[in-house]
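Trainee: Sequence first, predicted coordinates after that:
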Amino acid sequence: MMTFGRTALAYIATMVFGLISIFAANKISPDGDVIKHIFSLVLIMFAPSFLFLGKYVSKTHEIGKVFYWLSLFSALFLIVVTTRILYLEQDVRIYIGTQGLAAMNAEFFGLPVFATFGVLSLAHLVCLQAVILCGTLIGGKASKPVSVLLWVALFCASFLIIGSDSRSAQILLVWILGAVVVYAFRNADARRACVVVILTILMAFAVTYARGMNESRMLSSIEAIRTDSGNDVLAGYEPLGSPQGQIVDKKWEKQADQFATGRVELAIAGFNEVKASPIIGSGFAGYGRYSTEGLSKALEANTSTHVYYLTLLWKGGLIFFIPIVVMLLLNLKAAIAVTKTTARSAERFFAWAAVLMAFGPMAMAWDILIVPSAGALAFFLFGLLATTKKA
């Protein structure tokens, strides 16, 4: 561990201060769930530990080789999951349980896939896999038979992302397309491969809608807000300082919350609890640790704010948040330094695309970096960028 220097020390400090947060909060407001809160801390810190695995692997293997094997494993998973859905003529997005909760219809040789509950848990993993596939395919280092397999896998990844009807995942697909376009402009010799990538993703769009997916949650949500705004909110607009204006403001907040599937309420409540306990946070408990006044059923049922960075601050307070941010910044500094001194490659470019996507829009849409699947892969790629193979 010590070979990773200050980054490892920041990780250890984060764990220690997380424990301090738990026991301090339990001293102020005992809830009898200390063990549960420790497991919550372990879960949050599990994915970041893959940062060091990435740093270790990159010391002995070129990033192109790592991408190649990640692409092969991703291809096996994506093709099996997609083939089953197409063969059985089923939907990618399904609803389970008495409450009709959304999930990904994913099975791997008869086994249910981990983290399919909550569409984003798997859809965001597939987004990262799609970026890795782009890096390998555009890098052009795979043999022809393997390349055919990877092209099929990219189609499957795009099909699953679109079919999931996850609005944030579909936005991330636009991010992926943007990364491909940027790389094509910067590298003329890779433009043909980039065009094929774009055509493959567009083909997945066509197949998805040909199978009968005629409605999009994204478009439906925007249309509902636009219609409701025109009829209810914007009519007779008043300044926000007036009583009428406060009603308008509440309606906009409600509509934004509906579009974000309840995330606005979670984020606002989390931010308010951070203000109430900024130093130690909630001690890795859920909402209402110090006061249950006005606690809604939605807040009672959730244990995160759905915004990764806010969740870290809310769970452990500043004493937990600061060292983990220091860890990320130290690794970012190392990754930039390595990139400046390393030959350019498609794999490294798309590794950056994946990392920026994961720690940017993906982290703002949900606490995906906590999930052991997508979060672990994102941190692994981040660590991979921060070290280079020894000569």
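Mentor: That came through, no problem. Numbering: from 1, shown residues only.

Trainee: check contacts around residue 62.
Mentor: residue 389 (C-beta atoms under 8 Å, 6 or more residues apart in numbering). Any C-beta I mention is one placed from the backbone N, CA and C, and that applies to glycine too.

Trainee: Now do it against residue 141, distance only.
Mentor: Separation of residue 62 from residue 141 (C-beta to C-beta, to the nearest Å) stands at 10 Å.

Trainee: just the strands in the chain please.
Mentor: Counting by DSSP state E, the segments of the chain that form strands are 93-96, 101-104, 107-108, 111-112.

Trainee: of all these, which lies closest to residue 34?
Mentor: Closest to residue 34 of these is strand 101-104 (C-beta to C-beta; 29.3 Å).

Trainee: and the nearest residue to residue 63 once chain neighbours are set aside, what is it in contact with?
Mentor: Spatial nearest neighbour of residue 63, excluding adjacent residues (C-beta to C-beta, 6 or more residues apart in numbering): residue 347 at 4.9 Å. Residue 347 sits next to 63-64, 66-67, 135-136, 139 when contact means C-beta under 8 Å, 6+ apart.

Trainee: Filter those down to the buried ones, PyMOL style.
Mentor: In PyMOL, this line selects whichever of the contacts of residue 347 come out buried by 16 or more other C-beta atoms under 10 Å:
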select buried, resi 63+64+66+67+135+136+139
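
Trainee: buried set for stretch 179-195?
Mentor: Buried residues in stretch 179-195, counted by 16+ other C-beta under 10 Å: 179-180, 183-184, 190, 193-194.

Trainee: How about residues contacting it?
Mentor: Contacts to stretch 179-195, defined as C-beta under 8 Å, 6+ apart, come from residues 131, 134, 137-138, 140, 197-198, 346, 349-350, 353, 357.

Trainee: Check those for burial and list the buried ones.
Mentor: Applying 16+ other C-beta under 10 Å to these flags 131, 134, 137-138, 197, 346, 349-350, 353, 357 as buried.

Trainee: which stretches of the chain aren't confidently modelled?
Mentor: For the chain, applying pLDDT under 70 flags the ranges 1-4, 98-99, 112, 114-120, 213-262, 390-391.

Trainee: What's the biggest helix in it, counting residues?
Mentor: With secondary structure taken from DSSP state H, the chain has its longest helix at helix 308-340.

Trainee: hang on, the earlier thing: wait, which of the buried ones among the contacts of stretch 179-195 is closest to residue 318?
Mentor: Using C-beta to C-beta, residue 357 comes nearest to residue 318 of the buried ones among the contacts of stretch 179-195, at 27.1 Å.

Trainee: Leaving out sequence neighbours, find the closest residue to that closest one.
Mentor: residue 175 (5.3 Å).

Trainee: Likewise for residue 330?
Mentor: Distances taken as C-beta to C-beta, 6+ apart put residue 7 closest to residue 330, at 4.7 Å, once the chain neighbours are dropped.
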